[in-house]
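A.B. asks: My questions concern the predicted model and sequence given below.
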Amino acid sequence: MAEHYKPVKYKAWELNLEERFQEYHPPLSEREAVLEANRCLYCHDAPCMVACPTHIDIPTFIKKISTGNVKGSAKTILEANLLGATCSRVCPVEELCEGACVMKHDHKPIMIGRLQRYAMDYAAEKNIKFFQAGKANGYKVAVIGSGPAGLSCAGELAKLGFDVTCFEKKEMAGGLSTYGIVVFREPVEVSLAEVKRIEDLGVKVKTGVNVGVDIKFEDLIEQYDAVFIGMGMGNVPDLSIPGEDIPGVLDGLDFIEETKVKKLADIKAGSRVCVIGAGNTGIDCATIARRLGSERVTIVYRRSEAEMTAYHFEYQFALGEGVSFMFLTQPVEVVGNGKVEGLKCIRMDLGAPDKSGRRVPEPVKGSEFVMPCDMVIKAIGQKKHKNVVDALAKFGVKSENGYVLVDSETCRSAHPKIFAGGDCIRNKGEASTVAAVQDGKIAAAAIYKQLVGATSPNEKHIEPVLSPVK
């Protein structure tokens with residue numbers, strides 16, 4: 001059985017509980033930021049810009065830091081990405097901008113993410129407002145979901161003069177950034193501050209509103225000139241194994257959410273925890289459990305290390321936290337009488353590749369065993385919003401495997417009024433915060449062109465202007 005475990009004293013246990021959940025990377029000092037910015041070569045046709053889904057002018061914002069113009073640096077970032085503070089913390093920079101940095105080949109890549117955070121933190125501390133609502137154009141847009149895609153679309157539209165209302169099911173806005181990103185990567189205050197900046201542009205954010213229940217899709221489509229769907233995905237699906245309903249079997253996203261909305265001392269974690277699933281959510285759940293005090297945390301995954309969906313740097317991070325990995329292992333039953341006592345598993349071998357290109361795991365007969373544990377955390381992906389997809393189908397919106405289908409250049413669905421972005425359309429490619437932000441930007445530009453008849457406020461109208469909904 002392929003397994004990794006480091007039975008060493010866990011360094012975070014030397015800290016108190018609150019200190020363990022402080023941001024993993026400390027902020028750069030002014031001196032550190034300037035020294036790092038001066039390492040940048042300020043490449044022409046910089047590959048880091050190409051690798052950034054929102055195409056932030058990275059050399060320019062870094063150059064401005066090196067010259068002491070941190071305010072200008074922050075503006076450069078926000079002009080391309082209104083959620084620059086979140087993305088500076090959660091973007092997989094090792095796979096994107098820093099992974100493309102030319103300095104990577106002979107030296108260390110420029111710390112682009114931490115420099116971006118330095119500029120964003122400066123703007124937040126100084127409470128600098130870079131943008132304001134555009135001149136009202138008479139059009140109204142409804143945005144469903146206040147996660148990265150929804151906020152990006154809403155903010156960009158508000159800058160262009162649209163009357164935007166954002167409907168959010170939960171009590172707080174911000175979506176995944178507020179509820180689903182582990183607190184030592186992004187504190188909830190950072191996400192809520194970005195929501196406030198979008199509201200400052202005139203966007204109305206209505207929380208506690210479940211579209212499809214509290215308000216009908218039909219009403220939104222009738223009352224607004226365009227509707228943007230950015231509601232992301234749902235909770236973790238069921239394991240469909242015996243014992244799943246035993247107390248102590250948790251939804252991974254709910255487990256992460258607790259660290260964002262509860263006092264850490266009130267969150268309970270088992271002493272021996274099994275996390276099912278080896279994606280980035282599984283990694284987050286495992287590291288949270290370790291930092292809460294779990295003595296042994298094991299990630300159980302039915303495929304091999306080569307097939308795991310978590311980023312490699314996340315995998316290395318988890319190993320450093322003392323998390324063990326049990327690959328080629330399929331859970332088949334949660335064992336226990338009124339509480340979790342173990343996880344029954346079967347060993348797997350890999351067969352032929354499936355449609356995704358990953359080899360299909362096949363059970364090895366007679367290899368069942370029970371792994372003792374007192375908590376099981378499910379992290380095997382997210383449910384698709386079937387009810388939403390079914391409701392949208394009545395308006396001609398097409399879907400594939402539970403994802404909304406849109407035109408990649410406009411994020412518009414088959415219905416001329418309905419646009420969508422974020423995880424709910426990501427049936428191909430990597431789902432990420434920064435990709436969702438770019439979806440929101442693309443949709444906002446397409447909505448502006450469709451309704452106003454131009455691609456930007458500085459361009460003369462090239463199409464007939466459509467009349468606003470009365």
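C.D. replies: Received the coordinates, thanks.
A.B. asks: average pLDDT across the strand ranked longest in the chain?
C.D. replies: Identified as the longest strand of the chain according to DSSP state E is strand 342-353. For strand 342-353, mean pLDDT rounds to 94.
A.B. asks: Could you give the bridge partners of residue 276?
C.D. replies: Assessed by DSSP bridges, residue 276 has beta-bridge partners residue 300, residue 378.
A.B. asks: residues in contact with it?
C.D. replies: Counting by Cβ atoms under 8 Å, 6 or more residues apart in numbering, residue 276 touches 239, 282, 299, 300, 301, 331, 343, 376, 377, 378, 379, 380. In short, each C-beta sits where N, CA and C put it, glycine included.
A.B. asks: Same check on residue 420?
C.D. replies: 228, 229, 230, 404, 406, 411, 413, 439, 443.
A.B. asks: pretty sure the last one is touching residue 228, no?
C.D. replies: What it means is residue 443. Yes: between residue 443 and residue 228 there is a contact at 5.4 Å, judged by Cβ atoms under 8 Å.
A.B. asks: Find residues that contact each of the two.
C.D. replies: Counting by Cβ under 8 Å, 6+ apart, the residues touching both residue 443 and residue 228 are 153, 411, 419, 420, 421.
A.B. asks: so how far is residue 333 from residue 340?
C.D. replies: Residue 340 sits 11 Å away from residue 333, going by Cβ to Cβ, to the nearest Å.
A.B. asks: So between these two, which is more surrounded?
C.D. replies: A count of neighbours by other Cβ atoms under 10 Å puts residue 340 above the other of residue 340 and residue 333, at 24 against 17.
A.B. asks: got the phi/psi numbers for the closest residue to that one other than its chain neighbours?
C.D. replies: Nearest residue to residue 340 in three dimensions, chain neighbours excluded: residue 248, at 3.6 Å (Cβ to Cβ, 6 or more residues apart in numbering). Backbone torsions for residue 248, taken as degrees, to the nearest 10, come to phi 110, psi 0.
A.B. asks: Do I have it right that residue 248 meets residue 377?
C.D. replies: No: in this structure, residue 248 is not within contact of residue 377 by Cβ under 8 Å, at 9.5 Å.
A.B. asks: of those two, who's got more company?
C.D. replies: Using other Cβ under 10 Å, the more surrounded residue of residue 248 and residue 377 is residue 377, with 30 against 19.
A.B. asks: so who does the more buried one touch?
C.D. replies: Residues in contact with residue 377 (Cβ under 8 Å, 6+ apart) are 249-252, 255, 273-276, 282, 285-286, 289.
A.B. asks: Among these, name the ones in helices.
C.D. replies: 252, 255, 282, 285, 286, 289 (DSSP state H).
A.B. asks: picking that back up, tell me what the next helix or strand after the longest strand of the chain is packed against?
C.D. replies: Later in the chain than strand 342-353, the nearest helix or strand by DSSP states H and E is strand 359-363. If contacts are counted by 3 or more Cβ pairs under 8 Å, 6 or more residues apart in numbering; DSSP states H and E, strand 359-363 sits against strand 342-353.
A.B. asks: Now whichever helix or strand residue 191 is part of: average pLDDT?
C.D. replies: For residue 191, the host element (DSSP H and E) is helix 188-199. Averaged across helix 188-199, the pLDDT comes to 96.
A.B. asks: who's in contact with that helix?
C.D. replies: With Cβ under 8 Å, 6+ apart as the test, helix 188-199 has contacts from 82-83, 85-86, 89, 124, 129, 146, 151, 154-155, 158, 166, 172-174, 177-178, 181, 205, 260-261.
A.B. asks: quick one: buried residues of it?
C.D. replies: Buried positions in helix 188-199, judged by neighbour count with 16 or more other Cβ atoms under 10 Å: 188, 190, 191, 193, 194, 195, 197, 198, 199.
A.B. asks: again with stretch 76-91
C.D. replies: 76-78, 80-91.
A.B. asks: same question, stretch 365-377
C.D. replies: For stretch 365-377, the neighbour count (16+ other Cβ under 10 Å) marks 371, 373, 374, 375, 376, 377 as buried.
A.B. asks: what do you get for stretch 420-433?
C.D. replies: Going by neighbour count (16+ other Cβ under 10 Å), the buried part of stretch 420-433 is 420, 421, 422, 423, 424, 425, 426, 431, 432, 433.
A.B. asks: and the nearest residue to the fifth one once chain neighbours are set aside, what does it touch?
C.D. replies: To tie it back to what came earlier, the one meant is residue 424. What sits nearest to residue 424 in space, not counting adjacent residues and going by Cβ to Cβ, 6+ apart, is residue 404, at 5.3 Å. Residues near residue 404 by Cβ under 8 Å, 6+ apart: 229, 389, 392, 397, 398, 413, 420, 424, 425.
A.B. asks: Just the pLDDT at residue 404, thanks.
C.D. replies: Looking at residue 404, its pLDDT stands at 92.
A.B. asks: how close does it get to residue 148?
C.D. replies: On the measure of Cβ to Cβ, residue 404 and residue 148 end up 16 Å apart.
A.B. asks: per-domain residue ranges of this structure.
C.D. replies: Per automatic domain parsing, the structural domains of the chain span 24-126, 140-234+384-452, 236-378.
A.B. asks: The first one spans what distance, first to last residue?
C.D. replies: It refers to domain 24-126. 23 Å (Cα to Cα, to the nearest Å).
A.B. asks: That one - what's its average pLDDT?
C.D. replies: pLDDT averaged over domain 24-126 gives 96.
A.B. asks: all helices of the stretch 101-250 of the chain, in order?
C.D. replies: Per DSSP state H, counting those that start in this stretch, the stretch 101-250 of the chain carries helices over the ranges 112-126, 148-159, 176-179, 188-199, 217-223.
A.B. asks: Can you tell me which of those is most buried?
C.D. replies: With neighbours taken as mean count of other Cβ atoms under 10 Å, the helices of the stretch 101-250 of the chain reach their highest mean count in helix 148-159, at a mean of 31.
A.B. asks: what's that one packed up against?
C.D. replies: For helix 148-159, the packing partners by 3+ Cβ pairs under 8 Å, 6+ apart come out as strand 140-144, strand 163-168, helix 188-199, strand 226-229, helix 433-452.
A.B. asks: Which one, of these, ends up nearest to residue 23?
C.D. replies: Nearest to residue 23 among the helices and strands packed on helix 148-159 is helix 188-199; the distance by Cβ to Cβ comes to 9.0 Å.
A.B. asks: quick one, the closest one and strand 140-144 angle?
C.D. replies: 160 degrees (axes from the mean of the first three to the mean of the last three Cα atoms, to 10 degrees).
A.B. asks: Tell me what angle helix 188-199 forms with strand 163-168.
C.D. replies: Using the same axes, to 10 degrees, helix 188-199 lies at 150 degrees relative to strand 163-168.
A.B. asks: that older thread, quick one, what contacts the residue nearest to residue 340?
C.D. replies: Contacts of residue 248 (Cβ under 8 Å, 6+ apart): 270, 336, 339, 340, 374, 375, 376.
A.B. asks: tell me the phi and psi of the fourth one?
C.D. replies: Note on residue 340: backbone dihedrals following degrees, to the nearest 10 are phi -70, psi 130.
A.B. asks: again, but for the first one
C.D. replies: Taking degrees, to the nearest 10, you get phi -70, psi 170 for the backbone angles of residue 270.
A.B. asks: This completes my enquiry, with thanks.
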